[in-house]
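Student: Give me a model of this one.
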Amino acid sequence: MAQQPMAQLPAGASEVQIMGKTYWHSGDNFYQFNENTGMFYEVPQPTVQAHKDRASQAHQSVVAQPGPGVTADQIEGCRNAAADKSNAVPNRGSEVYINEYNSCIRDLQ
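Tutor: The predicted structure follows:
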């Protein structure tokens, strides 16, 4: 059964960002806005846990260890930048995360 488009979200719907995409959440339902039609559509609940698990496992095994002089804020910045780029390619996300994080750490050292 196809979802019926809606011009307005249910009252109290809140905007959430999941893996770089904007959704609206109300109760147990999630919605996305289609710019082409100008309507909201109900979508399945977005899942990110499998991606987080893969990135976390890969991160633990092959990421560069920051040398002396690299601050916690710089490390966090590298993590965030790598996560943004990996979210853009979920099918290769963990590989992209590792490459981007390691490159960022190397640049800081």
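Student: What is the neighbour count of the closest residue to Thr37 other than its chain neighbours?
Tutor: Residue nearest to Thr37 in three dimensions, not counting chain neighbours: Pro5, with 6.3 Å by C-beta to C-beta, 6 or more residues apart in numbering. All C-beta spots, glycine's among them, are computed from the backbone N, C-alpha and C. Pro5: 12 surrounding residues under other C-beta atoms under 10 Å.
Student: Pro5 versus Asp73, what's the distance?
Tutor: Applying C-beta to C-beta, to the nearest Å, one obtains 44 Å for the distance of Asp73 from Pro5.
Student: same check, this time on Ala82
Tutor: 36 Å.
Student: ok, now Thr47?
Tutor: To Pro5, Thr47 is 23 Å away according to C-beta to C-beta.
Student: What of Met19?
Tutor: 23 Å.
Student: And for Tyr31?
Tutor: 10 Å.
Student: One more: Tyr97?
Tutor: According to C-beta to C-beta, Tyr97 stands 35 Å off from Pro5.
Student: Same question for Ala81.
Tutor: Counting by C-beta to C-beta, the separation of Ala81 from Pro5 is 36 Å.
Student: Make sure I have this right: His25 is in a helix.
Tutor: No - His25: not assigned to a helix; according to DSSP: H, G, I helix; E, B strand; the rest coil it is strand.
Student: what about it, neighbour count?
Tutor: Using other C-beta under 10 Å, His25 has 18 other residues around it.
Student: Use 4 as the first number from now on
Tutor: Okay, using 4 as the starting number, the last item reads as His28.
Student: Just list whatever residues bridge to it.
Tutor: In this entry, His28 is beta-bridged to Ser17, Phe33, by DSSP bridges.
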